[in-house]
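1. Pasting the sequence and the predicted coordinates here, then a few questions.
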Amino acid sequence: MTDWPTTLPSSPQINSLSGIPDDDVLRSKYDAGQPVTRARYTAISDSYTFTLMMTLAEFIIFKTFYAANRALSFNFTDPITGATRSFKFRERYTVNSIEAIDYYLVNISLVSAAE
Amino acid sequence: MPQTLPSWGPSWLQARETMEAAIPLIEISHAQIETYRFARNTVDIVAIGGQTYHSAIFDFDIISDNGRDARGQLSFPNVDPEIGKVIKSLIGPPRITIMVINHVHPDEWIYRAALLKLKSVSIDPLTITGDLVRADESTETCGTILVSPARMPALFRRR
């Protein structure tokens, strides 16, 4: 499996990170009281959305990496635990330029392999 | 075949909360192919008889029988385009078996529906969809016999 390029940043911009696990709990609906609940799957994934700041040179490397791996798994550092995990792109990235300092803000959404 | 619950079944089914997941399994078999096995789970599972069921989030309707032919529907991800092509090319519909297991007791099914066939298969790059029909051998058409002079000389005898 491909690794995230070491020449690219992997630490999200401050306040840009949000994460959510799969909703894998079946819940019955009752008029009152606690619902009956059970796990739906034996393992769950985590989804993260965050922003990375890149130079133009880094963004070009990222574009090449995305083009080659947009439908494939790759190793990436979990932005919360710091562990290396298998991720996929959850959707297309978006990019905004910061003209004043010639940097690019790349918004990325990843989903981890179920564990 | 009557279905009886395993000893752990009633307490699991009646539990108000549990981390033991109910995992539907599906087997697609046909004389022309090796059996495909899938689990409706986020990771592969080794279950019934030590077989590996590959992760695939498929959907199916339980067969209903409201006075007409028992019929349901199955759709599952076209995880490998070759699977779709192979199923489409089969002569005669593949057999489908659906089971549900408790993942803590992967060798015992708690629900099993066999003798199903997959008909009207449609395939696109993402999903394979088909009608689940109860196999009824009594309505199968008989095979045809080629009538040739070698097989049936009386039909070709000249006076």
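-> Thanks, I have the structure now.

2. Please count neighbours and contacts with C-alpha atoms only from this point.
-> Fine.

3. which bits of chain A sit near chain B?
-> Counting by C-alpha under 8 Å from any C-alpha of the partner chain, the residues of chain A close to chain B are A:35-44, A:114.

4. in chain B, which spans are helices?
-> Applying DSSP state H to chain B gives helices spanning B:9-14, B:81-89.

5. and for the shortest one, what are the contacting residues?
-> Contacts made with helix B:9-14 from outside it, assessed by C-alpha atoms under 8 Å, 6 or more residues apart in numbering or on different chains, are listed as B:18, B:110.

6. Return the distance of the residue nearest to the spatial centre of chain B relative to residue B:123.
-> Nearest to the mean C-alpha position of chain B, counting by C-alpha atoms, centre = their mean, stands residue B:96 at 1.1 Å. Per C-alpha to C-alpha, to the nearest Å, residue B:96 is found 17 Å from residue B:123.

7. ok so, going back, what's the closest of the helices of chain B to residue A:104?
-> helix B:81-89 (37.3 Å; C-alpha to C-alpha).

8. from the middle of its chain, how far away would the closest one be?
-> Taking C-alpha atoms, centre = their mean, to the nearest Å, the mean C-alpha location of helix B:81-89 is offset from the chain mean by 15 Å.

9. Quick one: list the elements packing against that helix.
-> strand B:105-123 (3 or more C-alpha pairs under 8 Å, 6 or more residues apart in numbering or on different chains; DSSP states H and E).

10. Mind listing residues that contact the strand it packs on?
-> Against strand B:105-123 from outside (C-alpha under 8 Å, 6+ apart): B:3-6, B:9, B:46-50, B:78, B:84, B:88, B:93-102, B:128-135.

11. Neighbouring strands - and their directions - for it?
-> strand B:95-102 (antiparallel), strand B:127-134 (antiparallel) (DSSP bridges).

12. if we can go back for a sec, mind giving me the ChimeraX command for buried ones among the residues of chain A next to chain B?
-> To isolate the buried ones among these in ChimeraX, judged by 16 or more other C-alpha atoms under 10 Å in any protein chain shown, type:
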select /A:36,37,38,39,40,41,42,43,44,114
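
13. for the residues of chain A next to chain B, which one is nearest residue A:78?
-> The closest of the residues of chain A next to chain B to residue A:78 turns out to be residue A:114 (C-alpha to C-alpha; 13.2 Å).

14. Thanks a lot, catch you later.
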